[in-house]
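Undergrad: Have a look; sequence and predicted model below, questions after that.
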Amino acid sequence: MSDAVTSERGGPPAAPFLRLVRIGKTYPGVTALADVDLEVARGEVVGLIGENGAGKSTLMKVLGGVVAPDSGHIEIDGTVHRALTVPQSLAAGIAFVHQELNLFENLDVAANIFIGREPRWGGPLHLIDRQLLYRRTRPLLERLKVDFDARTPVATLSIAQRQMVEIAKALSLDARLIIMDEPTSSLTVAETERLLDVIAELQAQGVAVIYITHRLNEVKDCADRVVCLRDGVVAGALAHDEIAHAAMIRLMIGRDLKALYTPPGRQPATGLEVQGLRTVLFPDRAVDLEIRRGEILGLAGLIGSGRTELARALFGIDPPLAGAIRLDGEPITVRTPHHAIMRGIYLVPEDRKRSGVIVEFPVRCNVTLADLHDHSRAWLISGGRECATTERQKERLHIRTPSIESEVITLSGGNQQKVVLAKWLAMRPSVVIFDEPTRGIDVGAKSEIYAILRQLADAGVAILMISSDMEEVIGVSDRIAVMHEGRISGILENRDSFTETNVLELAVNSPARTAA
Amino acid sequence: MQKKDLGLLVLILVVGAITTALNPVFLSPVNLGNMANLVGLFGIFSIGIGVVIITGGIDLSVGSMFALIGVVFIDLMTNKGMAWELVLPLAIGLGICFGVIHGVLVTRFNMQPFVVTLCGLLIYRGAARYYMADATIGFGYAGGHETLEWLASGRSLGVPHTFIAFVAVAIVMGIVLHRSVFGRYLFAVGKNEEAARYSGIPTNLVIASAYVISGALAGLAAVFLAFYTYSIQPSAHGNFYELYGIAAAVLGGCSLRGGEGSIMGIALGTVLLQVLQNLVNLLGIPTSLNFAVMGTVILLGVLTDQQLQRRRARLLAVKAHQAKTLGAQPARA
């Protein structure tokens, strides 16, 4: 992605200040970690990869002092600890930037950075010294070269900016090691590059980073070395010059991942045609787009370019302001999700746990939720039909669950996503819109989901796949449409033209042309 | 019957057994009949409130509705001489109207259920008092409503009609809630409104319907209550009754966060509240302690339940962890 970052590397390796030695942790019935060794030196960026459930989170919890290991020890500056407590971890300069950001939206940037540690005037009331608060915040923000100031309310910041606030907070704690858990899962390409730059700057200032991600390109760009966990053990480590895509995937899943792309098995035909569609976010921009039956149309673009809004409009969540939609040549109106569903237009939403599934419901109830009338007689639900449908979908999509009565919250991310798919595939799809279909899903489940996309397309369904994952967009799509500020800035028709550069150019510059 | 309901039933039996041991009158037919009557009266509207709570809302207005609907009802029957066949649907219709208003305000105008129904509580109470100029109204000696009176406060084979009505409502609502498509929608909306919307469920309609059901059942209960007290003092009639309903629902396993609860639970919750009330009376505990006893039992009940749920959540977390590790395995074959 960017080569600017690499210039920071190459110095002689410093002695590690943090050392995890033969860390082991078992939960009833599961070995989460076994004999894991990990060292971190000053100013070092360690990429930590592994599938979901490989033990990455547990290992990080050990570092944060939240989980006490059963065996092994932790050395900080030569002092040996059996387990860390949260204050010890903080005192050692270990800070976290979490996947789900923990900020108070109702407070401003400075208040968030110093929450619980506000500078105070003396006296019994402990009034906050606001002057000092802002004075202390400013240099932190300057170090990160951010484009907002200490008084900005966090509610108005984008996810990328919020992440910077978290990093500033870590710096305010004199962090020596910042652990970033999937920091880019909600970022756009440009924002990701900015984050990688910040990581390089942190590194230059002597701050070490453990970078946990599923996106291997980023690891390749920023890490000094890569450690891969599998089944709670270190499956392997790669030194800087050994870091390569294939090598990492082999370590993660113990085999080579097949090439992502499979060509369509049928000739694309007219599907969903969108003309002059305007959404609330960009009322003066119109979208024209055709999603053909039998093809996977990738939709790339920066976050905030209107991709999700387009999906929501097509699915009737936020009805469009203007524009015409035709399905198989026939004009249709979609004012509510119910209308869309009646037409066979389905949406697999971006935020799985909030909009995709009801996590406290069993698998069965989630699978039949959108189609209950087909599973009932005279308004009364037929449990037998529900079970039959759910079992069938469970087989078809290989949903790994102990039972169809298990609550969805107990399933892994990939299997939760399959439950969302099962809900729609149990019906008669004409158009399926996937918004970030594989976010937070491990590599193995990812390729299963891609296979399902292709099967659907081959069965004559029109597929729109919104994705911020460049590898995914390029690897899976038959055509790529790119959005920029509320309209389609270009469509790549030919697989030869599918390059990161081409997609990025359209996403950023919005030239009014259609490449290739 | 869920485990939770079973626990509640055991609690009722234990409290009942203790009361019987201390005062055998508890099991006398007269006492049981009276209790059944009260269970019926309170149970009918508690089910309505429970349905609203399952959607994640709350209904604070029913106590005031009893006063307003009650005075209008008696006034139309005794002073205006309207036929009961007309006034009864009118009373229920009035409850439905209030429910529709609540539902529209909560869904269309995005107001918080607490605020909407709190204002309902204040408005209906004020309206009832103004309607009667604070005077008490009763059925007096005017005739013409003997059939309705028998229906509302009579007994068949010793069973109070209120109780029969309650059982009928409970059975119908039990089927609606636990077997019908609409019931599944109610739970879905209560647990995760957004995911429900993304599944094509008309969430606003479902939520509004819950308030309408609560209003309709409050209208029905208002008629039963009017015949129970036989006269209505607009400033006091039905005061705090919404809290009995909320208490019964919460005791019965409804979560105020929505998405949880059962008709069986709400019914058992109502029974437990009435058994406690009865215990206070029979054991010669000063009636002034009435609320305090109820409060303590609800507090302990909910506390125990939550501790049990926490344990369950911990077990689930372990299971989830196992599932994740299992789920990842076949990919590595």
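TA: Nice, I can see it. Numbers count the residues shown, from 1 in each chain, chains lettered A, B, ... in the order given.
Undergrad: Tell me where the stretch 101-250 of chain B has helices.
TA: B:113-131, B:146-153, B:161-179, B:181-191, B:193-198, B:203-229, B:241-251 (DSSP state H, counting those that start in this stretch).
Undergrad: Return the member of the ones you listed having the minimum mean pLDDT.
TA: Taking the mean pLDDT of each of the helices of the stretch 101-250 of chain B, the lowest value is held by helix B:146-153, a mean of 85.
Undergrad: any idea how far that helix is from the chain center?
TA: Its chain's C-alpha centre and that of helix B:146-153 lie 23 Å apart, by C-alpha atoms, centre = their mean, to the nearest Å.
Undergrad: That one vs helix B:203-229, what angle?
TA: Counting by axes from the mean of the first three to the mean of the last three C-alpha atoms, to 10 degrees, helix B:146-153 points 110 degrees away from the direction of helix B:203-229.
Undergrad: Now helix B:146-153: buried residues?
TA: Of the residues in helix B:146-153, B:Leu148, B:Glu149, B:Leu151, B:Ala152, B:Ser153 count as buried by neighbour count, 16 or more other C-beta atoms under 10 Å in any protein chain shown. Backbone N, C-alpha and C define where each C-beta goes, glycine included.
Undergrad: Quick one: residues in contact with that helix.
TA: Counting by C-beta atoms under 8 Å, 6 or more residues apart in numbering or on different chains, the neighbours of helix B:146-153 from elsewhere in the structure are B:Trp84, B:Leu88, B:Phe139, B:Pro160, B:His161, B:Thr162, B:Val223, B:Phe224, B:Ala226, B:Phe227, B:Tyr228.
Undergrad: Show me which of the residues you listed are buried.
TA: If you count burial by 16+ other C-beta under 10 Å, the buried members of the contacts of helix B:146-153 come out as B:Trp84, B:Leu88, B:Phe139, B:Pro160, B:His161, B:Thr162, B:Val223, B:Phe224, B:Ala226, B:Phe227, B:Tyr228.
Undergrad: For the residues you listed, give me a markdown table that also has distance to A:Ile441.
TA: Formatted as a markdown table, the buried ones among the contacts of helix B:146-153 follow (distance: C-beta to C-beta, whole Å):
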| residue | distance to A:Ile441 |
| --- | --- |
| B:Trp84 | 64 |
| B:Leu88 | 58 |
| B:Phe139 | 68 |
| B:Pro160 | 59 |
| B:His161 | 59 |
| B:Thr162 | 56 |
| B:Val223 | 57 |
| B:Phe224 | 56 |
| B:Ala226 | 60 |
| B:Phe227 | 62 |
| B:Tyr228 | 60 |
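Undergrad: could the residues you listed be laid out in a markdown table, adding distance to chain A?
TA: Shown next, in a markdown table, are the buried ones among the contacts of helix B:146-153 (distance: C-beta to the nearest C-beta, whole Å):
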| residue | distance to chain A |
| --- | --- |
| B:Trp84 | 32 |
| B:Leu88 | 26 |
| B:Phe139 | 40 |
| B:Pro160 | 30 |
| B:His161 | 28 |
| B:Thr162 | 28 |
| B:Val223 | 28 |
| B:Phe224 | 28 |
| B:Ala226 | 33 |
| B:Phe227 | 33 |
| B:Tyr228 | 34 |
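Undergrad: And the most centrally placed residue in chain B, its phi and psi?
TA: With distances taken as C-alpha atoms, centre = their mean, chain B has B:Ser46 as the residue nearest its mean C-alpha position (0.6 Å). Per-residue torsions, B:Ser46: phi -60, psi -40 (degrees, to the nearest 10).
Undergrad: Now do the end-to-end distance for stretch A:231-241.
TA: Its first and final residues considered, stretch A:231-241 spans 25 Å by C-alpha to C-alpha, to the nearest Å.
Undergrad: Spell out which residues sit in contact with the residue lying closest to B:Phe240 once chain neighbours are set aside, please.
TA: The spatially closest residue to B:Phe240, leaving aside those adjacent along the chain, is B:Gly63, at 6.1 Å (C-beta to C-beta, 6 or more residues apart in numbering or on different chains). With contacts defined as C-beta under 8 Å, 6+ apart, B:Gly63 is in contact with B:Leu121, B:Arg125, B:Gly238, B:Asn239, B:Phe240, B:Tyr241, B:Glu242, B:Leu243.
Undergrad: Buried among these? Make that a ChimeraX selection.
TA: Here is the ChimeraX selection string for the buried members of the contacts of B:Gly63, based on 16+ other C-beta under 10 Å:
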select /B:121,125,238,241,242
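Undergrad: wait, B:Ser61 sits on B:Ile101?
TA: No. Using C-beta atoms under 8 Å as the test, B:Ser61 is too far from B:Ile101 to be in contact (9.8 Å).
Undergrad: got any residues that touch both of these two?
TA: Residues touching both B:Ser61 and B:Ile101 comprise B:Gly120, with contact defined as C-beta under 8 Å, 6+ apart.
Undergrad: in stretch B:160-169, what counts as buried?
TA: Under the neighbour-count criterion of 16+ other C-beta under 10 Å, stretch B:160-169 has B:Pro160, B:His161, B:Thr162, B:Phe163, B:Ile164, B:Ala165, B:Phe166, B:Val167, B:Val169 buried.
Undergrad: Repeat that for stretch A:453-468.
TA: A:Leu453, A:Arg454, A:Leu456, A:Ala457, A:Val461, A:Ala462, A:Ile463, A:Leu464, A:Met465, A:Ile466, A:Ser467, A:Ser468.
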